[in-house]
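> here is my input; please provide its structure:
(chains A and B)
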Amino acid sequence: MADDAQKKVDPDPKTTNIKDELTEVVSLKHVNLLIGEYIPFGVNHIVAFNEKLGSYMRVKSALLTQVIDDDPGGSQFAIPSVLTEVQVKNFDRNDFVEFDATIHYPEAPGIVQVENFGVHVNSSGKILYGMQLESVGGRPADHVSIDHLSRVLADVVLDSSQLMDTMLTDYQRRLVDLTFFGKGENRDKYTFILAKGVAPDVPAKEYMDGEDRENELRQVLDTFQGVYDLLDGSKMLVGTHGSILISKDPGKYELVASEYSFLMSLDIFIQNFFSRLFMMNDSVKDIKKLIDTSEEDPNAIEKAQSELSNSTSDAVLLGEILSYLEESASVLSAEWAEFSKALDPAVKQAASVLTIEARVDAVKEQVKDMKHIVDGLLKSLEGLSRMNETINQRQMRRFQSTLEDNARTMEDMVKTSDRTSSGVAIMEMILSGTLVFELISMFSGDQTFPIAKQEGDLLSTMGWALTSVGIWAMGSALLFWVMKWLGDRSEPALVLRLKINQKFNPEALKAYLAKREVTTEDLDLTGGLARKKLMWKYNDNIFWEELPKWGKHKVVINLFYDEKTGYILNALVEVPMPGEMKLPEAKAAFLGELIEENVIAPPRE
Amino acid sequence: MEKLTAEQSRLLYMVSLYSKPSQKEGEKALWIRQTSLRALMFEGIRKKVFDWDYAPASVMTADGRRFMNISQEGEDDLNDLREMGLITSLKLSTSRRHFITAYCVTQRGLDEIGRLPAGDKDAVEGLVKCGACSGKRLAMWRDEKVMITCEKCGKSEESEIMDIEDVSYIAKAYIPKIPILRKHHGGA
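As a prediction, this is how the structure comes out:
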């Protein structure tokens, strides 16, 4: 165990909300923080970035917000208080910009954080955030506890991401999100801490004691990679997530610290990018499996198409990121070759132990290596797309053949139906005849009319027969007319098909449906959607009531909507006996219901 | 072998409650994932079972990187136990192609547990057992949170391992004086 005078420190509730008693072993004096980050940038992005910051304006300061103006033609707008303020210090339209940023993000009660960042952004994607700590945990700059510093770093790493996200284009945010698996806001960064002094001040190797000092310093460095005493008496402690340089003149190490923190951040980006490539490779295998099982699984092709489309668009973006990385690696190499020419011997020693030159070369190699993987991925996706197309064509041919078979069957059915109809008509005639003769016989009883009294009177018999046939013809005509009237009456007289495609309010829809007696519900969960079809009736032959919008009409409503996307897609309204009701009235009645109950928004004027 | 400190003894006992080495051919070994162990270690600090400090660190979880309260002293004791051969660690790849670590007590570790002070075992059992039913509490990553859930009664609570504590500070903007290699020179 180290023989430091360990101090148990109770956190001051006025300046921190730390719940634990801290053991303080190492503290730093006059700390400057340099945090590196790589974000894909090109010349066009830096031009747009300068534009957004107002670098060309006479007054080079601006307030920034993440709020999107969805009514730019309007006159006024109200937004929550602005949280980011920037002041441009130096810029080149096509190459770089340096600015100060003040952020006012909400903090826990009792915590006061005055966060002023210096930010350097250049067209090869190098981002550096700089901060000079004037007071931490209520203590002056000459006593910065490592326990406190670790919490400041966590805060600064997250807040700097939020700050930068306010200023990036949507395209850049998408690239960052893609690389960091959709969690761009939690992306990692590398920190270089420059300090003017340290307590206890001991040779560098004594900080790597495997015990208390090392444990404490690991809170900001993570795993130790090396500790070095430099020629001018400075000390450098290098870790996997951060480094500390303690020097009486830390300013002369700024170049090395900046290059190293950027290089390490670039390495973090490349590691994530590399993992993303392998994840994409897994997706390619999954799509292949789906295509292979397309004969057995009815949902496989739909799933494969959706995943193929997502993966192809991601692979194209990964290819674009790679070209930004390529450009950045070549600029980095040229920069270091230029800047490392005239370094102070101690700074040269620092650059040498940090192996900056070797790391720059390694970045170039890594990018070159990844190019093969991205090319391979794009080719695999192209092959899968062709396979998918072949299967689609095969399914289409099969579908077409089924369609032809169906058409043939239907033709046969129509012919059979025609024959049946003719038979039914003949049967109807015979039946109506039988009925008419029965009626005649019923009305005449067994008595014959005078004209048929004389037996063997042919004329009378013929006259009676013709009269009966005439009555039969009239009876049949009446029967056909009654049946046609009944048939016409049973047809849905008013059918309204509405394409709505509008966002709905889920709570209001729930309340609206609770008041209806839904009798049928279909749910389709294919393709990652949740499409529902509901059917209900008004005045369903059992309860007849006066409805404000529908009167006493019987109405059948089918509503189609997607629970997942929150869209009402379409509706089918049937009014079997519409009476005076016309289509526009039915449309107004149904949409009026939805709007009145806040299920959908009223149409814009 | 060096004598174990109270923290190391408790940590070894805790790992042994959540892992089991394979003792015969064909038997599967049980491992505890790093994030779960870290959550239990953090709970132990809060409940004074472990006398360690903790600080926020960006660590890999099942859902990518997150800041969590990690005890470097605890990690150091874990490494000491590995060096002593009392626990062993395993690296495995996740579906996101990240690597995570898992731990398992060794046979030698199980032998050592027999010699641990009863007070240390009691302290750990007080930490890992459910107050309601005495079932074992498991720490799991669920819906971007670490939940500590009793395996018997299902009682669940969110761990505070991801609640990063704040400290007040005042910082001035600082831009390092670094040379700039101009590629295009668009003018300021």
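> got the CA coordinates for stretch B:86-93 in PDB?
Coordinates of the C-alpha atoms in stretch B:86-93 are reproduced here as PDB (Å, rounded to 0.1, in the frame of the first residue of the first chain):
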ATOM      1  CA  LEU B  86      -9.200 -17.900  -6.800                       C
ATOM      2  CA  ILE B  87     -11.400 -16.600  -9.700                       C
ATOM      3  CA  THR B  88     -11.100 -16.800 -13.400                       C
ATOM      4  CA  SER B  89     -12.400 -14.600 -16.100                       C
ATOM      5  CA  LEU B  90     -13.800 -15.200 -19.600                       C
ATOM      6  CA  LYS B  91     -14.000 -12.900 -22.600                       C
ATOM      7  CA  LEU B  92     -17.000 -13.400 -24.800                       C
ATOM      8  CA  SER B  93     -18.300 -11.500 -27.800                       C
END
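> next one: that stretch to chain centre, how far?
13 Å (CA atoms, centre = their mean, to the nearest Å).
> can you check stretch A:91-111 too?
Here stretch A:91-111 is found 28 Å from its chain centre; the criterion is CA atoms, centre = their mean.
> ditto for stretch A:45-61
30 Å.
> quick one: end-to-end distance for it.
Across stretch A:45-61, the terminal residues are separated by 19 Å (CA to CA, to the nearest Å).
> okay, helices next: where are they in the chain?
In the absence of a named chain, this looks at chain A. A:43-53, A:146-167, A:170-179, A:212-221, A:254-292, A:300-339, A:345-353, A:356-444, A:458-490, A:506-514, A:583-596 (DSSP state H).
> correction: the question concerned chain B.
Under DSSP H, chain B gives helices at B:6-18, B:34-46, B:72-83, B:107-113, B:118-128.
> which stretch among these comes nearest A:Phe274?
In terms of CB to CB, the element of the helices of chain B nearest to A:Phe274 is helix B:34-46, at 21.4 Å. For every residue, glycine as well, the C-beta is placed using N, CA and C.
> with just CA atoms, put that closest one into PDB.
Presented in PDB, the C-alpha positions along helix B:34-46 are these (Å, rounded to 0.1, in the frame of the first residue of the first chain):
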ATOM      1  CA  GLN B  34     -19.100  -8.100 -15.400                       C
ATOM      2  CA  THR B  35     -22.000  -5.600 -15.400                       C
ATOM      3  CA  SER B  36     -24.000  -7.600 -12.900                       C
ATOM      4  CA  LEU B  37     -21.000  -8.100 -10.600                       C
ATOM      5  CA  ARG B  38     -20.200  -4.300 -10.900                       C
ATOM      6  CA  ALA B  39     -23.800  -3.500  -9.900                       C
ATOM      7  CA  LEU B  40     -23.600  -5.700  -6.900                       C
ATOM      8  CA  MET B  41     -20.200  -4.300  -5.900                       C
ATOM      9  CA  PHE B  42     -21.700  -0.800  -6.100                       C
ATOM     10  CA  GLU B  43     -24.600  -1.800  -4.000                       C
ATOM     11  CA  GLY B  44     -22.100  -3.200  -1.500                       C
ATOM     12  CA  ILE B  45     -20.300   0.100  -1.300                       C
ATOM     13  CA  ARG B  46     -23.500   2.000  -0.700                       C
END
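> for the nearest residue to A:Ala586 once chain neighbours are set aside, list each beta-bridge partner.
Sequence neighbours aside, A:Leu496 is the residue nearest to A:Ala586 in space, at 4.9 Å (criterion: CB to CB, 6 or more residues apart in numbering or on different chains). Under the criterion DSSP bridges, A:Leu496 forms beta bridges with A:Val573.
> below-threshold pLDDT in the stretch 1-150 of chain A: ranges please.
Scanning the stretch 1-150 of chain A with the threshold set as pLDDT under 70 gives A:1-14, A:81-82.
> got it, and chain B?
Judged by pLDDT under 70, the stretches of chain B that qualify are B:1, B:95-97, B:183-188.
> okay, which residue is most central for it?
Closest residue to the average C-alpha location of chain B: B:Arg38 at 1.5 Å, with CA atoms, centre = their mean.
> for it, give me its contacts.
Contact analysis of B:Arg38 by CB atoms under 8 Å, 6 or more residues apart in numbering or on different chains lists B:59, B:68, B:70-71, B:74, B:161.
> let me know whether A:Ser476 touches A:Gly433 as I believe.
Yes - taking contacts as CB atoms under 8 Å, A:Ser476 lies within contact range of A:Gly433: 7.2 Å.
> if we can go back for a sec, for the helices of chain B, give me TSV that also has distance to A:Tyr129.
Output for the helices of chain B, formatted as TSV (distance: least, CB to CB, whole Å):
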stretch	distance to A:Tyr129
helix B:6-18	37
helix B:34-46	28
helix B:72-83	24
helix B:107-113	44
helix B:118-128	39
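> so which of these comes closest to A:Glu593?
helix B:34-46 (50.8 Å).
> and the angle for that closest one with helix B:118-128?
Interaxial angle, helix B:34-46 versus helix B:118-128 (axes from the mean of the first three to the mean of the last three CA atoms, to 10 degrees): 110 degrees.
> now helix B:34-46, how far from the centre of its chain.
5 Å.
> residue contacts, A:Lys321?
Actually, residue A:321 is Ile rather than Lys. A:40, A:175, A:178-179, A:273.
> and those residues, which are buried?
A:40, A:175, A:178-179, A:273 (16 or more other CB atoms under 10 Å in any protein chain shown).
> which one of the helices of chain A is the most hemmed in?
Of the helices of chain A, the one with the most neighbours on average (mean count of other CB atoms under 10 Å in any protein chain shown) is helix A:212-221, at a mean of 24.
> mind putting the helices of chain A into TSV with distance to B:Met147?
Formatted as TSV, the helices of chain A follow (distance: least, CB to CB, whole Å):
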stretch	distance to B:Met147
helix A:43-53	41
helix A:146-167	22
helix A:170-179	26
helix A:212-221	26
helix A:254-292	26
helix A:300-339	30
helix A:345-353	44
helix A:356-444	36
helix A:458-490	60
helix A:506-514	27
helix A:583-596	40
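> all strands of chain B, in order?
Listed in chain order, the strands found in chain B under DSSP state E are B:32-33, B:55-61, B:64-70, B:87-93, B:99-105, B:137-142, B:145-150, B:156-158, B:169-173.
> what sits closest to A:Arg516 if chain neighbours are left out?
Among residues not flanking A:Arg516 along the chain, A:Trp536 sits closest, at 4.4 Å (CB to CB, 6+ apart).
> middle-most residue in chain A, spatially?
The residue lying closest to the centre of chain A (CA atoms, centre = their mean) is A:Gly182, at 9.3 Å.
> which one is that residue nearest to, not counting chain neighbours?
A:Gly182 sits nearest to B:Gly64 (CB to CB, 6+ apart), 7.8 Å away.
> ok, which of the helices of chain B comes nearest A:Leu332?
helix B:72-83 (32.1 Å).
> which residues are contacting stretch A:581-600?
A:494, A:496, A:498, A:500, A:502-505, A:508-509, A:511-512, A:549-551, A:553, A:557, A:568, A:571, A:573, A:575, A:578, A:601-602.
> among those residues, which ones are buried?
Neighbour-count burial (16+ other CB under 10 Å) is assigned, among the contacts of stretch A:581-600, to A:494, A:496, A:498, A:500, A:502, A:504-505, A:509, A:512, A:549-551, A:553, A:557, A:568, A:571, A:573, A:575, A:578.
> residue contacts, A:Glu507?
By CB under 8 Å, 6+ apart, no residues touch A:Glu507.
> typo on my end, it should be A:His241
Per CB under 8 Å, 6+ apart, neighbours of A:His241: A:188, A:190-191, A:220-222, B:57-58.
> likewise A:Ala511?
A:Ala511 touches A:Glu597, counting by CB under 8 Å, 6+ apart.
> no further queries at this time; thank you.
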